[in-house]
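Participant: My questions concern the predicted model and sequence given below.
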Amino acid sequence: MHPLLILLVGMATILVGIVGLRLNAFLALITAAIVVSLLAPGEPAAKIGRVAEGFGRTAGTIGIVIALAAIAGKAMMDSGAADRIVRAFIAVLGEKRSATALCATGYVLSIPVFFDTVFYLLVPLARSGYARTNRYYLKYLLAITAGAGATHTLVPPTPGPLAVAGTLGVDLGTMVLVGLVVALPAAGVGLLFAGWVDRRMPVVPQASAAEPAATLPLPGLVASLLPIVLPVLLISSNTVVLSMTARPGAHAASWSALAPYTVIIGNPNLAMLVSVGVAIWVYTRQRNVSRADLAGLVDTSLMGAGFIILIIAASGAFGVGLQAAQIGPMIERAFVGRAAAAGIGSGLVFLFLGFGVASLIKFAQGSSTVAMITTAAMLAAMLPANGAALPFHRVYVATAIASGSLVGTWMNDSGFWLFSKMGGVTEMETLKSWTPVLGVVGVTSMVTTIVLALLVPLR
């Protein structure tokens, strides 16, 4: 069977399963992986086996980090560390810049904490801001959305960008640093657009299920930030040392002496374990909890993380099936060759392909994480193994995919209803505000990705 037809069958299996039959994303992805692998060339005895191998390889890459990140995020919420960071931004920026403070807080908190949890935490502050000013309510909600949405989709260790980095073979430290850079202008433009939307569509909040802000004592700011800052510094240290070692010059030997140490402390698994240790220390010290309470926190975190790990690992199995179908060489011949003949950089073709496919999958089934991991599995099968066809680092393919997963969100996205019901905004108001703001954030991220890929290729 032609590779393109196998690809279409695989995509159709996923979309019919998730959208049509309302199957769990794990079942749809693993079914598509098996179908694609059976249709691909190879020995019959190996066709199912390679699906299991791809599943295990992906789970081994991202499983520990996602599980530890879930524990750290839950501990930060329950200890009050997340709330402490919120209040610090508001204190620095002032009440008059509450929207900027909410955007900045969402930007920081959505690195270790899931988007829905961050939104739940910050909605009461948006309501209190409206109570003081009697205006800007929609701007406050959209500011949270812009900041939290940008880092949630672009910066590990949240599951989507973490899975994309692992699938495409991108160093996690590089993904963190580039993701932060790409997400920053996206959040800023999203904040400006939020103000524009608010001026043209002022909203009065309706009753919602949002709870008031917690009144329990909060930990110190330094202790609150440590679970976020420490893993970023540790992982980035290894990335910096490896990049300096690869450069020619007299100082390369000095950097090489550090490599045996940074490769250990900068390992994402160890870095996130340190983050968990600090987050749990803050939680136990601040709330004086029992061992049973601590065990309950860990159990609750791991149950949610296990579901995400299964979905991402299934997408890895799907990607292995596509690789066996030889979809990569076919795409390269069909698109890259024609693009080069037309004078278009072959690398840009992969960027636009990743952005476009992720947008379509996001629009069809609603989940940014599923859109990212499915698109990354497809692109991994298409990209040359040695990256020779790319004039820039693969991390830009990853950020292009993540950018696309923000475009096309509507009523099939759980975030849409989270914004509407918790924010006390009607469905039509949500469609006119939430959807375009995230679209602006995604397009801005894509534009930033292209600019960086051309000006700072990291090759």
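Facilitator: Yep, that arrived.
Participant: Within the helices and strands, which one has the residue positioned nearest the centre of the chain?
Facilitator: Centrality entry for the chain: nearest residue to the mean C-alpha point is residue 153, 2.8 Å, by C-alpha atoms, centre = their mean. Here residue 153 sits within helix 137-154, counting by DSSP states H and E.
Participant: What is that helix packed up against?
Facilitator: helix 98-109, helix 115-133, helix 159-168, helix 172-200, helix 368-382, helix 395-404, helix 414-423, helix 427-455 (3 or more C-beta pairs under 8 Å, 6 or more residues apart in numbering; DSSP states H and E). Using the backbone N, CA and C atoms, a C-beta is placed for each residue, glycine as well.
Participant: rerun at 7 Å
Facilitator: If you count contacts as 3 or more C-beta pairs under 7 Å, 6 or more residues apart in numbering; DSSP states H and E, helix 137-154 packs onto helix 98-109, helix 115-133, helix 159-168, helix 172-200, helix 395-404, helix 414-423, helix 427-455.
Participant: looking at the ones you listed, which is buried most?
Facilitator: helix 395-404 (a mean of 30; mean count of other C-beta atoms under 10 Å).
Participant: For the stretch 301-450 of the chain, which residues score under the pLDDT cut-off?
Facilitator: Scanning the stretch 301-450 of the chain for pLDDT under 70 picks out 327-346, 385-389, 412.
Participant: right, and the helices and strands packed on helix 137-154 - which one's nearest residue 370?
Facilitator: Closest to residue 370 of these is helix 159-168 (C-beta to C-beta; 8.7 Å).
Participant: In TSV, list the helices and strands packed on helix 137-154 along with distance to residue 305.
Facilitator: Formatted as TSV, the helices and strands packed on helix 137-154 follow (distance: least, C-beta to C-beta, whole Å):
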stretch	distance to residue 305
helix 98-109	18
helix 115-133	13
helix 159-168	8
helix 172-200	17
helix 395-404	20
helix 414-423	17
helix 427-455	25
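Participant: can you tell which of the ones you listed is closest to residue 75?
Facilitator: Of all the helices and strands packed on helix 137-154, helix 115-133 comes closest under C-beta to C-beta, at 11.9 Å.
Participant: tell me which element residue 76 falls in.
Facilitator: Assigned by DSSP H and E, residue 76 belongs to helix 44-79.
Participant: what angle sits between that helix and helix 172-200?
Facilitator: 60 degrees (axes from the mean of the first three to the mean of the last three C-alpha atoms, to 10 degrees).
Participant: relative orientation of whichever helix or strand comes after helix 44-79 and helix 98-109 in degrees?
Facilitator: For helix 44-79, the following helix or strand on the C-terminal side (DSSP H and E) is helix 81-93. Interaxial angle of helix 81-93 relative to helix 98-109 (the same axes, to 10 degrees): 140 degrees.
Participant: Same question for helix 81-93: list its buried residues.
Facilitator: 81-90, 93 (16 or more other C-beta atoms under 10 Å).
Participant: out of those, which one sits closest to residue 34?
Facilitator: residue 82 (40.4 Å).
Participant: Mind pulling up the pLDDT for the closest one?
Facilitator: Reported pLDDT at residue 82 in the predicted model: 81.
Participant: ditto for residue 228
Facilitator: So, for residue 228, pLDDT stands at 85.
Participant: coming back round to it: now the residue nearest to the centre of the chain. Nearest residue, chain neighbours left out?
Facilitator: Among residues not flanking residue 153 along the chain, residue 402 sits closest, at 4.6 Å (C-beta to C-beta, 6 or more residues apart in numbering).
Participant: swap in residue 42?
Facilitator: Nearest to residue 42 is residue 324, by C-beta to C-beta, 6+ apart, at 5.7 Å.
Participant: wait, what's in contact with that neighbour?
Facilitator: 37, 40-42, 50 (C-beta atoms under 7 Å, 6 or more residues apart in numbering).
Participant: picking that back up, compare the helices and strands packed on helix 137-154 and give me the one nearest residue 295.
Facilitator: Of all the helices and strands packed on helix 137-154, it is helix 115-133 that lies closest to residue 295, at 20.3 Å by C-beta to C-beta.
Participant: Next, the angle helix 159-168 makes with the closest one.
Facilitator: Using the same axes, to 10 degrees: helix 115-133 against helix 159-168 is 140 degrees.
Participant: list the contacts for residue 314?
Facilitator: 26, 29-30, 33, 55.
Participant: In this structure residue 58 contacts residue 311, no?
Facilitator: No - using C-beta atoms under 7 Å, residue 58 makes no contact with residue 311, being 10.3 Å away.
Participant: so which of the contacts of residue 324 comes closest to residue 139?
Facilitator: residue 37 (48.7 Å).
Participant: Next up, the contacts around that closest one.
Facilitator: When contacts are counted by C-beta under 7 Å, 6+ apart, residue 37 touches 47-48, 50-51, 321, 324.
Participant: What is the most widely separated pair among these?
Facilitator: 48 and 324 (11.6 Å).
Participant: List the contacts of the nearest residue to residue 52 once chain neighbours are set aside.
Facilitator: Nearest residue to residue 52 in three dimensions, chain neighbours excluded: residue 317, at 7.3 Å (C-beta to C-beta, 6+ apart). Going by C-beta under 7 Å, 6+ apart, residue 317 touches 30, 33, 51, 54-55.
Participant: re earlier: hey, what's in contact with both of residue 58 and residue 311?
Facilitator: With the criterion set as C-beta under 7 Å, 6+ apart, the contacts of residue 58 and residue 311 do not overlap.
Participant: now the contacts of residue 317 in CSV, with pLDDT, neighbour count and distance to residue 284?
Facilitator: Output for the contacts of residue 317, formatted as CSV (pLDDT from 0 to 100; neighbours: other C-beta atoms under 10 Å; distance: C-beta to C-beta, whole Å):
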residue, pLDDT, neighbour count, distance to residue 284
30, 92, 22, 38
33, 90, 30, 41
51, 91, 24, 42
54, 88, 25, 39
55, 91, 22, 36
